[in-house]
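# Take this sequence and fold it.
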Amino acid sequence: QVHLVESGGGLVQPGGSLRLSCKVSGFTLDYYAYGWFRQAPGKKREGISCITINNDATYYAPSVKGRFAISMDSFENTVYLQMNDLKSEDTAVYYCASAPALTCRLDTGADYDSWGQGTQVTVSS
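Numbering: from 1, shown residues only. Presented below is the predicted three-dimensional model:
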């Protein structure tokens with residue numbers, strides 16, 4: 001069982017930056033993939049970025065591509081999401097998730113079997 005804990009959310013002004021962290025613990029396999037999802041009030045959950053550990057492949061939703069960057073520190077067992085040039089529409093609860101898979105998907109969360117509790121990101125002046 002993989003246990004995920006997010007941190008790093010908060011209030012930031014438009015144009016600002018935040019770095020989210022997802023601490024991974026428990027039993028993990030070398031071929032795990034990790035993803036970041038977000039959900040704003042009244043909206044569907046959106047997959048925004050994911051990374052595959054076996055080949056470091058990264059994927060981004062069009063809404064965040066060029067502004068967000070996902071990475072993983074294997075020594076720290078932590079997945080990061082660096083968020084730059086934040087906009088009001090980025091306001092949401094952000095969730096980290098893991099999937100026992102060689103590839104990762106953003107169009108659905110069905111492949112992910114472990115989820116963190118979420119961290120709130122609010123972009124407002």
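# got a list of what the residue nearest the centre of the chain touches?
The chain has Trp36 as the residue nearest its centroid, 2.1 Å off, counting by Cα atoms, centre = their mean. Applying Cβ atoms under 8 Å, 6 or more residues apart in numbering, one finds that Trp36 lies in contact with 20, 22, 47-50, 70, 79, 81, 94-97. C-betas here are computed from N, CA, C, even on glycine.
# wait, which of these is closest to Ala61?
Distance from Ala61 was checked for each of the contacts of Trp36 by Cβ to Cβ. The minimum falls on Ile48, at 4.7 Å.
# so what pLDDT did the residue nearest to the centre of the chain get?
As predicted, Trp36 sits at a pLDDT of 98.
# thinking again about what came up before, can you add secondary structure and give the contacts of Trp36 back as a markdown table?
Formatted as a markdown table, the contacts of Trp36 follow (DSSP: H, G, I helix; E, B strand; the rest coil):
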| residue | secondary structure |
| --- | --- |
| Leu20 | strand |
| Cys22 | strand |
| Gly47 | strand |
| Ile48 | strand |
| Ser49 | strand |
| Cys50 | strand |
| Ile70 | strand |
| Val79 | strand |
| Leu81 | strand |
| Tyr94 | strand |
| Tyr95 | strand |
| Cys96 | strand |
| Ala97 | strand |
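# Throw those residues into JSON lines and include neighbour count, pLDDT and distance to Val5, thanks.
JSON lines is the format used below for the contacts of Trp36 (neighbours: other Cβ atoms under 10 Å; pLDDT from 0 to 100; distance: Cβ to Cβ, whole Å):
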{"residue": "Leu20", "neighbour count": "24", "pLDDT": "98", "distance to Val5": "11"}
{"residue": "Cys22", "neighbour count": "26", "pLDDT": "96", "distance to Val5": "7"}
{"residue": "Gly47", "neighbour count": "21", "pLDDT": "97", "distance to Val5": "20"}
{"residue": "Ile48", "neighbour count": "25", "pLDDT": "97", "distance to Val5": "19"}
{"residue": "Ser49", "neighbour count": "25", "pLDDT": "97", "distance to Val5": "18"}
{"residue": "Cys50", "neighbour count": "27", "pLDDT": "97", "distance to Val5": "18"}
{"residue": "Ile70", "neighbour count": "22", "pLDDT": "97", "distance to Val5": "17"}
{"residue": "Val79", "neighbour count": "28", "pLDDT": "94", "distance to Val5": "11"}
{"residue": "Leu81", "neighbour count": "27", "pLDDT": "98", "distance to Val5": "14"}
{"residue": "Tyr94", "neighbour count": "23", "pLDDT": "98", "distance to Val5": "13"}
{"residue": "Tyr95", "neighbour count": "24", "pLDDT": "98", "distance to Val5": "11"}
{"residue": "Cys96", "neighbour count": "28", "pLDDT": "97", "distance to Val5": "8"}
{"residue": "Ala97", "neighbour count": "23", "pLDDT": "96", "distance to Val5": "12"}
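# That's all I had, so thanks and see you.
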